[in-house]
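Q: Give me the fold of what follows.
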Amino acid sequence: MVPLWKTNILEAVYVCSTTKSHKGSKDKEIVRFGEEESHIKMTVRRDGIPYRIDMHLKKNRTKGVAVNGVPIKKASELFGIVNVIFFSPEDLNIIKNGPAERRRFLDLELCQLNKVYVYDLVQYNRVVVQRNRLLKEMDSDPSLKETLNIWDSQLVRFGSELIRLRTRFVEELNELIREIHFHLSGEREELEIRYEPNVMPETFEAELSRNRNQELRQRLTLTGPHRDDLNFIVNGADIRKFGSQGQQRTAALSLKLSEIELVKRTVKDYPVLLLDDVLSELDGKRQEHLLSEISHIQTLITCTGLDEFVNSRFQMDKIFKIVEGTVESEELCVQL
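A: Numbers count the residues shown, from 1 in each chain. Below is the predicted model of the structure:
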């Protein structure tokens, strides 16, 4: 008997598809307590071609990933085999939570859709880490200040590309989300997502120079897309500040439904949708709208009980039951 909670099943699918946890957890936080490593295996079929994805997570070392028995060196080699969208109760709070949540949303989706973005993001994050370290070490070694311009040029180079790709992504989302939200809100609300970059590419270098003294005092990189945010405007009002909880949840649901359509438009195929106990967080109207929108999409749903609504409104091909946090086998196989 192996302890297994329902969210772990969906997280395993997401990790095998993206190499990352949807919660932003590190590998060592995913591995079971008391163990040094964990293995996940997933089989998928895309365009008639079978794939086996093997994920070897380790607490203190880099994860190992193999596709059809062949190890891969870069996460980008995995992207495109299967696209997934994770929807959890926490996602309903994406609008009222902090900017980091919204940046993570941008990164998770863009990394699945654009391999160039993956490369630029990895390089940009590396530069931010190294630059912050340099700013902290200057007290003990003032000569390091001479190398700051080198890191600045890389920060501008990779950061500017992230900003451009995020801008295009939000523009494409807006083309879809307006109509989706209009119908979901009973034709009463118009929703617009506004991208709020911390700096624009054409002024990036100048802003870095202007903020240099402040960064030296705070020992921190203060300029760049690692400080971006999204704004959600409904009928002209910022619902992060002035929206009701119902408005925020409806906008979050519209955002997820827009993601689905954007993936379809980009990769010419629908993603696999992972719903982690979301239905219990939505009222009847939003439940019905969500289920009608995803009826043609392969969906893995976790819930605490098969209530009458789900049984009567949603066609289920397979049902797996977890009793007291355990399953009878050490392997749970879900065919996508």
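Q: Low-confidence stretches in this protein?
A: Along the chain, segments meeting pLDDT under 70 span 1-5, 24, 305-315, 322-336.
Q: Now the residue most central in space within it: which helix or strand?
A: To find the centre residue of the chain, average its C-alpha atoms and take the closest one (Cα atoms, centre = their mean): that gives Leu108, at 3.1 Å. Using DSSP states H and E, the element containing Leu108 is helix 99-113.
Q: That helix packs against which elements?
A: helix 6-18, helix 115-137, helix 148-184, strand 229-234, helix 245-267 (3 or more Cβ pairs under 8 Å, 6 or more residues apart in numbering; DSSP states H and E). Quick note: C-beta positions are derived from backbone N, CA and C, even for glycine.
Q: just how off-centre is the second one within its chain?
A: The gap between where helix 115-137 is centred and where its chain is centred comes out at 19 Å by Cα atoms, centre = their mean, to the nearest Å.
Q: gap between the residue lying closest to Met200 once chain neighbours are set aside and Phe86?
A: Setting aside the residues directly before and after it, Met200 is nearest to Ile163 in space (Cβ to Cβ, 6 or more residues apart in numbering), at 7.0 Å. In this view, Ile163 and Phe86 are 25 Å apart by Cβ to Cβ, to the nearest Å.
Q: ok, those two, which is more surrounded?
A: Just comparing Ile163 and Phe86: by other Cβ atoms under 10 Å the higher neighbour count belongs to Phe86, 26 against 21.
Q: Quick check: which element contains the more buried one?
A: strand 84-87.
Q: I'd like to know which elements that strand is packed against.
A: Counting contacts by 3+ Cβ pairs under 8 Å, 6+ apart, strand 84-87 packs against helix 6-18, helix 245-267, strand 272-276.
Q: could you dump that strand to PDB, C-alpha only?
A: Taking C-alpha atoms only, strand 84-87 is exported to PDB below (Å, rounded to 0.1, in the frame of the first residue of the first chain):
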ATOM      1  CA  VAL A  84      -1.300  20.500 -20.100                       C
ATOM      2  CA  ILE A  85      -3.200  23.200 -18.200                       C
ATOM      3  CA  PHE A  86      -3.600  22.800 -14.500                       C
ATOM      4  CA  PHE A  87      -6.500  24.400 -12.700                       C
END
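Q: Name the residues of it that come out as buried.
A: Val84, Ile85, Phe86, Phe87 (16 or more other Cβ atoms under 10 Å).
Q: So which of these is the closest to Lys318?
A: When those are compared for distance to Lys318, the smallest value, 17.5 Å, is given by Val84; criterion: Cβ to Cβ.
Q: thinking the closest one is in contact with Ser17, fair?
A: Yes. Using Cβ atoms under 8 Å, Val84 is in contact with Ser17, at 4.5 Å.
Q: what residues are shared contacts of those two?
A: With contacts taken as Cβ atoms under 8 Å, 6 or more residues apart in numbering, Val84 and Ser17 have Gln112, Val272 as neighbours in common.
Q: would CSV of the buried residues of strand 84-87 with distance to Ser244 be doable?
A: Output for the buried residues of strand 84-87, formatted as CSV (distance: Cβ to Cβ, whole Å):
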residue, distance to Ser244
Val84, 30
Ile85, 25
Phe86, 25
Phe87, 21
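Q: ok so, going back, the residue nearest to the centre of the chain touches Ser17, doesn't it?
A: No. Taking Cβ under 8 Å as the definition, Leu108 is not a contact partner of Ser17, at 10.8 Å.
Q: Specify the angle between the helix holding Leu108 and helix 6-18 in degrees.
A: Between the axes of helix 99-113 and helix 6-18, defined by axes from the mean of the first three to the mean of the last three Cα atoms, to 10 degrees, the angle is 50 degrees.
Q: What residues of helix 99-113 count as buried?
A: Neighbour counts using 16+ other Cβ under 10 Å place 101-113 of helix 99-113 among the buried residues.
Q: ditto for stretch 87-99
A: For stretch 87-99, the neighbour count (16+ other Cβ under 10 Å) marks Phe87, Ser88, Glu90, Asp91, Leu92, Ile94, Ile95, Lys96 as buried.
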